[in-house]
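> Got a predicted structure here, sequence first:
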Amino acid sequence: MALPVIPNHIAIVMDGNGRWASKRFMPRIAGHKQGVDALKGIVSACAKRGVQVLTVFAFSSENWNRPAEEVSGLMDILALALGREVPQLLKDGVRLHFVGSRGGLSERVSRGLADAESATAGNSRLILNVCFNYGGRWDIAQAAAKLAAAGQAVTEASLNGALALSHCPDPDLVIRTGGEMRISNFLLWQAAYSELYFSDLLWPDFDEAALDTAVHWFASRERRFGKTSEQIAPTAVGPG
Ligand code: IPE
Ligand code: IPE
Ligand code: MG
């Protein structure tokens, strides 16, 4: 398949790890481990296709409400992946950013996040934002609080600049796997004009071919940003 218009920024709600594991009579945590492998495949597929920014939802502000065993398992998986994957990210030219509150994270995890960010800070082929301990509402509130503390007026531009993803343009394409058609507190501000793509695949099953299907679907969308179709279409050439 020839690849069409590539979105500059793809954002993904990586949902369905638990169900992937349950279907195999495995503990949910095994699904999260498999989810890391799926993510590795998608990161390199995005880098190969010339995507500039990939933003993934790895742990939401609300995911703290899961059983303690699952939460600590997820923290362990993150800490392990950080230690193991940085060399590959360096080879692939991936720059990591962790987006979310550092509050509530253990010393080991916060240090791991900061170290991985600084180790990859010189890369520029693909920006990988990992939303961890993140919520769209948290982000808007922290941005407003930052402006208030600095005595700055709240405008769309100033708020936009204070958000945790201010280093990136808004996502063009938001993908959610796992079959749910909801946003679950992901990029509430930034997804204002994103194309939304829902896949029934569970995240560990989402592979390069599935990514291409989503990208092809994206290329067929007409993005109007509030205008009419006629304003968007290239000017028709009249007869003569
Ligand atoms: C997404 O998979 C990963 C996280 C939320 C951490 P889930 O764990 O939500 O998987 P399901 O939705 O229960 O299958
Ligand atoms: C969204 O998935 C969060 C992540 C993928 C990290 P959830 O599984 O937490 O979403 P809900 O609870 O089904 O809405
Ligand atoms: Mg889920």
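That came through fine. Small disclaimer: the values here were computed from a predicted structure and weren't measured. Ligands and ions are numbered 1, 2, ... in the order given.
> Check for me that L196 belongs to a helix.
No. With DSSP: H, G, I helix; E, B strand; the rest coil as the criterion, L196 is assigned strand and is not in a helix.
> Let me know the secondary structure of the nearest residue to it once chain neighbours are set aside.
Excluding its sequence neighbours, the residue lying closest to L196 (Cβ to Cβ, 6 or more residues apart in numbering) is V174, at 5.3 Å. (C-beta placed from N, C-alpha, C; glycine too.) Under three-state DSSP, V174 falls in the strand class.
> Give the full set of residues in contact with V174.
Neighbouring residues of V174 by Cβ atoms under 8 Å, 6 or more residues apart in numbering: I10, A11, I12, V13, F186, L187, A191, S194, E195, L196, Y197.
> quick one: low-confidence ranges for the chain?
Residue ranges of the chain with pLDDT under 70: 1-3, 235-240.
> what sits up against the longest helix seen in it?
In the chain, assigned by DSSP state H, the helix with the most residues is helix 68-92. Around helix 68-92, the neighbours that count as contacts under Cβ under 8 Å, 6+ apart are 28-29, 32-33, 36, 40, 43-44, 47, 58-59, 63-64, 96, 105-106, 108-109, 112-113, 115-116, 119-120, 123, 125-126, 128, 132.
> try 6 Å this time
For helix 68-92, contacts defined as Cβ atoms under 6 Å, 6 or more residues apart in numbering pick out R28, I29, H32, V36, S44, A47, R108, V109, G112, A116, A119, T120.
> swap in stretch 103-116?
With Cβ under 6 Å, 6+ apart, stretch 103-116 has contacts from M75, A79, L82, V86, L96, F98, R102.
> Out of the residues you listed, which end up buried?
With burial judged by 16 or more other Cβ atoms under 10 Å, the buried subset of the contacts of stretch 103-116 is M75, A79, L82, V86, L96, F98.
> Output these in TSV, with distance to G18 appended to each entry.
As requested, these are exported to TSV (distance: Cβ to Cβ, whole Å):
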residue	distance to G18
M75	16
A79	20
L82	22
V86	27
L96	25
F98	23
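> ok, the residues you listed vs ligand 1, which is closest?
M75 (10.8 Å; Cβ to the nearest ligand atom).
> Name the residues of this protein found near ligand 1, please.
Counting by Cβ under 6 Å from any ligand atom, the chain comes close to ligand 1 at M14, D15, G16, N17, G18, R19, F59, N63, L74, G178.
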